[in-house]
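In: below is the sequence, then the predicted model.
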Amino acid sequence: MIKRIKNFLKKQKVKIDYYENGQKKYESWYSLNGKKHREDGPAVQTWYENGQKWFERWYLNDKRHREDGPASQSWYKNGQKRYEYWVLNNKWHRDDGPTVQWWHKNGQKAYEDWYLNDKQYLREKWIERLKKIDSPHYDKQKFLYDAEKYNL
């Protein structure tokens with residue numbers, strides 16, 4: 001069952017799909033010109049049939065974008081986080097932590113990657129770059145890295 005809803009401001013369209021049991025399956029927000037777009041929340045969300053959120057993605061004008069959190073994230077059926085990606089203006093970017101993180105079903109971290117403006121770095125080089133661009137997060141990230149490196 002699919003329902004199409006136009007919001008009362010007539011600036012966006014929302015498409016919602018439901019499972020046979022009535023549980024929400026899918027919700028997608030679009031601008032009137034058909035681009036994935038939402039300013040106050042994820043533009044695309046899906047749920048498992050049991051009601052657990054499966055994934056969400058944030059878009060502005062059809063480009064992945066979020067300033068205050070991951071632009072894409074997903075969960076396993078058991079509720080454990082699967083992954084998160086940080087994206088600004090459709091570019092992989094984060095200066096206050098890893099840009100990409102994946103977890104195993106049991107919650108153990110699988111891996112993480114660091115990017116600035118769509119360029120991938122090894123963690124140590126990413127921290128050096130934070131210093132060069134005078135990031136306000138440099139001191140904290142350097143401390144965290146050194147603490148892990150030297151088992152402090």
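Out: Arrived safely.

In: residue ranges for the strands of this protein, please.
Out: 2-6, 12-18, 24-31, 44-47, 53-57, 59-60, 63-64, 72-75, 81-85, 87-88, 91-92, 100-103, 109-116, 119-121 (DSSP state E).

In: which strands or helices does the second one pack on?
Out: By that I understand strand 12-18. When contacts are defined as 3 or more Cβ pairs under 8 Å, 6 or more residues apart in numbering; DSSP states H and E, strand 12-18 sits against strand 2-6, strand 24-31. For glycine as for every other residue, the C-beta is placed from the backbone atoms N, C-alpha and C.

In: tell me the mean pLDDT for that strand?
Out: Regarding strand 12-18, the rounded mean pLDDT is 93.

In: how far does it sit from its chain's centre?
Out: 20 Å (Cα atoms, centre = their mean, to the nearest Å).

In: list the buried residues for it?
Out: Across strand 12-18, burial judged by 16 or more other Cβ atoms under 10 Å covers Gln12, Lys13, Ile16.

In: how does this structure divide into domains?
Out: According to automatic domain parsing, the chain comprises the domains 1-64, 78-152.

In: can you put those domains in a markdown table and add distance to Ala71?
Out: Listed next are the domains of the chain as a markdown table, based on distance: least, Cβ to Cβ, whole Å:
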| stretch | distance to Ala71 |
| --- | --- |
| domain 1-64 | 5 |
| domain 78-152 | 4 |
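
In: tell me which of these lies nearest to Pro70.
Out: Judged by Cβ to Cβ, the one of those that comes nearest to Pro70 is domain 78-152, at 3.8 Å.

In: before we move on, the earlier item: any idea which of the domains of the chain scores lowest on pLDDT?
Out: Among these, domain 1-64 scores lowest, with a mean of 88.

In: any idea how far that domain is from the chain center?
Out: 15 Å.
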